[in-house]
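**Q** Sequence plus predicted model, see below.
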Amino acid sequence: MADAIRIEAERRTEFGKGAARRIRRADKIPAVMYGHGGDPQHITLPGHDTMMALKHVNAFLAIVIDGKEEFALAKDVQRAILKPWIEHVDLVVVKKGEKVTVDVPVHVEGEAGPETIVTVDNQTLEVEADVINIPESLVVSVEGMEAGTQIHASDVEMPEGSSLVSDPELLVVNITEQISEEALEAELAEAEAEVGIEQDESEDAESGEAEGDAESGEAAEGDSEEKSEDV
């Protein structure tokens, strides 16, 4: 059972870009909390505490407003592109004992067989879990697996109390044979040769069109001269 991360919040009465900038300058974060049929609550969160809490995937939060505690999950976190701060947070209200559907990251461990390449095709899986027992990650072991092995969503072990929501046939991990340097060079040479052939064909076609245009132009000039002599 996960303990809720407690965050003291304040009600927000100012809105707009100017108000948001003032809130961020004070090392706070504008946020909105909604869900379970209640009206949206516009609040301000402490910057440092919130950033630390949201380092945890699907963090279970206890938001305290005017002494009243409500549980919530971060639904959307808007982060600054070039600066290490959070610009806005959308929180969804949850209740203890409630099941929620969340995206849980896939963590690959172990070493596959020699001369193989391990590709993670899907970094997260959609999972249903109790709100107070959301897994931080789903562990997939590739230890000793040979080229040609594929791990689908249905093959990933779900923690106790969690169930898979994603398509069971979704490819999660693909293990392929590592291509040798000689084979890679051969493929590149073949690709370059194909490009060269296409360029030559294109140039020949353009040359033929140019010659055709030139002949058409000469023919048109001849016709013009003949008409002039007739006059």
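**A** Thanks, I have the structure now.
**Q** my guess is E146 meets T116, correct?
**A** Yes - the pair E146 / T116 is scored as a contact, 6.9 Å apart, by CB atoms under 8 Å. For the C-beta atoms, the positions are set from N, CA and C on the backbone; glycine is no exception.
**Q** Which one's more surrounded, those two?
**A** Counted by other CB atoms under 10 Å, E146 and T116 do not tie: T116 has more neighbours, with 18 against 12.
**Q** In the beta-sheet assignment, what are the partners of the more buried one?
**A** E177 (DSSP bridges).
**Q** residue contacts, it?
**A** When the contact criterion is CB atoms under 8 Å, 6 or more residues apart in numbering, the partners of T116 are M145, E146, A147, I175, T176, E177, Q178.
**Q** swap in G38?
**A** Contacts for G38 (CB under 8 Å, 6+ apart) come out as V93.
**Q** Kindly state the beta-bridge partners for it.
**A** Per DSSP bridges, the residues bridged to G38 are G35.
**Q** just A31 next, same as before
**A** I43, V89.
**Q** my read: it touches I86, true?
**A** No - using CB under 8 Å as the test, A31 is too far from I86 to be in contact (9.0 Å).
**Q** So which of those two has more stuff around it?
**A** Neighbours were counted for A31 and for I86 using other CB under 10 Å; A31 has more, 24 against 20.
**Q** Quick check: that one vs D76, distance?
**A** 10 Å (CB to CB, to the nearest Å).
**Q** Show me the strands in the chain, by range?
**A** In the chain, the strands defined using DSSP state E lie at 5-11, 28-35, 38-46, 61-65, 68-79, 86-94, 99-109, 116-120, 124-130, 138-141, 150-152, 163-164, 171-177.
**Q** Please name whichever of those is nearest to A20.
**A** For those, proximity to A20 was assessed by CB to CB; strand 28-35 is nearest, at 5.1 Å.
**Q** just to revisit the earlier point, for E146 and T116, list the residues in contact with both.
**A** Counting by CB under 8 Å, 6+ apart, the common neighbours of E146 and T116 are I175.
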